[in-house]
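> Following is a predicted model, sequence given first.
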Amino acid sequence: MKLTQHAQVRMQQRGIRPDEVECLVRYGRTEYDHHGSRVLYFDRKALRGLMDRFGGRTADRLGHLYAVVAGDGAVLTVGHRTRRIRRH
């Protein structure tokens, strides 16, 4: 998983660990932003899978996490969602 400098700074500022981003990349849902990037997040189905696999505490912590990934696979930024992801 390739992280940009911006993503590394945001992870440190927001208290997001690299293994959490890896989990998001591996198990999260993808929505395209129509600007050449993808937004990764956990929907209900993915959260249920996380609960089964890692337990409820992990699912609670990761539930509002998102990442923006460039077309080449580099993680551009990460954060905690405060609004819904618009699906097209």
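That came through, no problem.
> What strand or helix carries the residue nearest the centre of the chain?
For the chain, the residue whose C-alpha lies nearest the mean C-alpha position (CA atoms, centre = their mean) is Tyr66; its distance is 3.3 Å. According to DSSP states H and E, Tyr66 maps onto strand 65-69.
> That strand pairs with which strands, parallel or anti?
strand 38-41 (antiparallel), strand 75-80 (antiparallel) (DSSP bridges).
> would you list those strands in TSV and tack on mean pLDDT and distance to Gln5?
(Each C-beta comes from the backbone N, C-alpha and C, glycine too.) Formatted as TSV, the strands paired with strand 65-69 follow (pLDDT from 0 to 100; distance: least, CB to CB, whole Å):
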stretch	mean pLDDT	distance to Gln5
strand 38-41	93	19
strand 75-80	94	10
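> ok so, going back, tell me the spacing between the residue nearest to the residue nearest to the centre of the chain when sequence neighbours are not counted and Ala70.
Take Tyr66 and drop its neighbours on the chain: the residue closest to it by CB to CB, 6 or more residues apart in numbering is Tyr41, 4.5 Å away. Tyr41 is 16 Å from Ala70, where distance means CB to CB, to the nearest Å.
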